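In: Here's a sequence, model it:
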Amino acid sequence: MYNTWIELTFHQTQQAVLRYAGDILAHGLPAGVLMIDDGWSDYYGKWSFSAERFPSPGALLAELRRLGFAVMLWVCPFVTPDTQEYRELEQKGLLVKNGRGEVHIAHWWNGWSAALDLQNPGAADWLRAQFRQLEALGVDGFKFDGGDPAHYVGAAGAATPNGMARLWAEFGERWPFNEYRAGWKAGGMPLLQRLCDKDHSWGEAGLAALVPDLLAQGITGHPFGCADLVGGGEYRNFWQNADRLDGELVVKHSAVSCLTPTIQFSAAPWRVLDPGQLGCIHAQLALRSSWQAYLEEPRKECARTGEPAVRYMEYEFPHQGMERVRDQFMLGGRLLVAPILEKGQDARNVYLPRGEWRWEGRTLHSEGEMRRLAAPGTFLVVLERLRA
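Out: Predicted coordinates:
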């Protein structure tokens, strides 16, 4: 997956999106899902392409499809005040109200907006109608952002702030191409859940949080996980520290994502990495491609049973003393994945459960022990389970 956010932020244009897509392919990265992020419409609630920034959206979508991309658009449950759409929705009673019976104006990261009252079937119908027009144009799905319960604090009515977040999650279930970053009691829903924006850092607000958070996400019923944007999703890090970006960190973040249900780039690897580091990204994606057929197995199992794809070691190998192991994981029941997370390191200690494992063409027999294994080209130690 590729997201235009960090490269373009609020300056999304037809020309810039096409250039981003073209650069992906020109630098040897495979086509995939392309998300056009916030800024493609004139304002919130007017869910049509800005005529000024996207003069020929149908042609854009057709060209992206020709290049091999599926296309998703960023959307939110908000409506910009003092607009035609706001007035129409207010008159119909389709906006969330406060305790005084006035429209609730939510303060969120993009300013102040009214919120659709998704308790009201008319509000959901109105929004679906906007999205159907986009689908007819060639859009495949949507990134459903802004579902944070905090935005509804101060609202009145039957639904709690958490309940409004739940309604937003339910709204997106009908689109096979979807992504969420926040939700409430959405476990078991067929939704792609991206981890919240992480810092461009090595610590527990950044890289070190990815595997533990993916594991927790899966065990709580969100099996279709995404380990944030490669390099970190906190875009202000890329603005404020543009001259201090850490290429090694980007590569090792990519290693975490490589063998998970989805890997999502936003900051352009060819811009932020040197040629050697970009070569590591290519090697990781080649590794992912080599396991692509197997990747489908745990994903299908997730859809059928709800069992996580990214699994705790203890979950797959109970009572072998691995209940505190949270920096490696099983992908389904067959692949042990251990990304190298330390700066300056190309090897790590990996806990091998009892049994036989294939690594780099060798068979390793383990009685349940720690082994130090290296992966200098990909920073990703991968072992295949042969037998218990």
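
In: mind checking how far residue 126 is from residue 195?
Out: 31 Å (C-beta to C-beta, to the nearest Å). (Each C-beta comes from the backbone N, C-alpha and C, glycine too.)

In: got it, and residue 89?
Out: Separation of residue 89 from residue 195 (C-beta to C-beta): 32 Å.

In: And residue 55, by the same measure?
Out: Using C-beta to C-beta, residue 55 is found at 35 Å from residue 195.

In: Which one of these two is surrounded by more residues?
Out: More crowded of residue 55 and residue 195, by other C-beta atoms under 10 Å: residue 195, with 19 against 13.

In: Could you give the number of residues near the residue lying closest to the more buried one once chain neighbours are set aside?
Out: Residue nearest to residue 195 in three dimensions, not counting chain neighbours: residue 228, with 4.5 Å by C-beta to C-beta, 6 or more residues apart in numbering. For residue 228, the neighbour count with other C-beta under 10 Å is 27.

In: other SSEs contacting the helix or strand hosting residue 228?
Out: Residue 228 belongs to strand 225-229 when elements are defined using DSSP states H and E. If you count contacts as 3 or more C-beta pairs under 8 Å, 6 or more residues apart in numbering; DSSP states H and E, strand 225-229 packs onto strand 193-194, helix 210-219, helix 247-258, strand 262-264.

In: Sheet-wise, list the partners of it with their directions.
Out: strand 193-194 (parallel), strand 262-264 (parallel) (DSSP bridges).

In: which element follows it toward the C-terminus?
Out: For strand 225-229, the following helix or strand on the C-terminal side (DSSP H and E) is helix 235-240.

In: where's the closest residue to residue 197 other than its chain neighbours relative to residue 205, distance?
Out: Nearest residue to residue 197 in three dimensions, chain neighbours excluded: residue 233, at 3.7 Å (C-beta to C-beta, 6+ apart). Distance of residue 233 to residue 205, given as C-beta to C-beta: 12 Å.

In: do residue 53 as well
Out: Distance from residue 53 to residue 205, counting by C-beta to C-beta: 33 Å.

In: So between these two, which is more surrounded?
Out: Taking other C-beta under 10 Å, residue 53 and residue 205 do not tie; residue 53 has more neighbours (18 against 14).

In: Leaving out sequence neighbours, find the closest residue to that one.
Out: Nearest in space to residue 53, with sequence neighbours left out and distances taken as C-beta to C-beta, 6+ apart, is residue 13 at 4.6 Å.

In: would you turn the helices and strands packed on strand 225-229 into JSON lines with mean pLDDT?
Out: What follows is the helices and strands packed on strand 225-229, written out as JSON lines (pLDDT from 0 to 100):
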{"stretch": "strand 193-194", "mean pLDDT": "95"}
{"stretch": "helix 210-219", "mean pLDDT": "96"}
{"stretch": "helix 247-258", "mean pLDDT": "97"}
{"stretch": "strand 262-264", "mean pLDDT": "97"}
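
In: Secondary structure element holding the residue sitting furthest away from the middle of the chain?
Out: Most distant from the centre of the chain: residue 100, at 37.6 Å, with distances by C-alpha atoms, centre = their mean. Assigned by DSSP H and E, residue 100 belongs to no helix or strand.

In: Now the phi/psi pair for it, please.
Out: As for residue 100, its main-chain torsions (degrees, to the nearest 10) stand at phi -90, psi 0.

In: rewinding a little: show the model's pLDDT score for the residue nearest to residue 53.
Out: Turning to residue 13, the model gives it a pLDDT of 98.

In: for the lowest-mean-pLDDT helix or strand in the chain, packing partners?
Out: Every helix and strand of the chain was ranked by mean pLDDT, DSSP states H and E. The lowest is helix 235-240, at a mean of 74. Here helix 235-240 touches helix 5-8, going by 3+ C-beta pairs under 8 Å, 6+ apart.

In: contact partners of the helix it packs on?
Out: Helix 5-8 has contacts (C-beta atoms under 8 Å, 6 or more residues apart in numbering) with 16-17, 20, 35, 37-39, 74, 229, 231, 233, 235, 238, 266-268, 271.

In: and if you look at stretch 17-27?
Out: Applying C-beta under 8 Å, 6+ apart, the set of residues contacting stretch 17-27 from outside is 2, 4, 7-8, 31, 34, 36, 60, 63-64, 67-69, 268-270, 278.

In: are any of the contacts of helix 5-8 buried, and which?
Out: Restricting the contacts of helix 5-8 to buried positions leaves 16-17, 20, 35, 37-39, 74, 229, 231, 233, 235, 238, 266-268, with burial counted as 16 or more other C-beta atoms under 10 Å.
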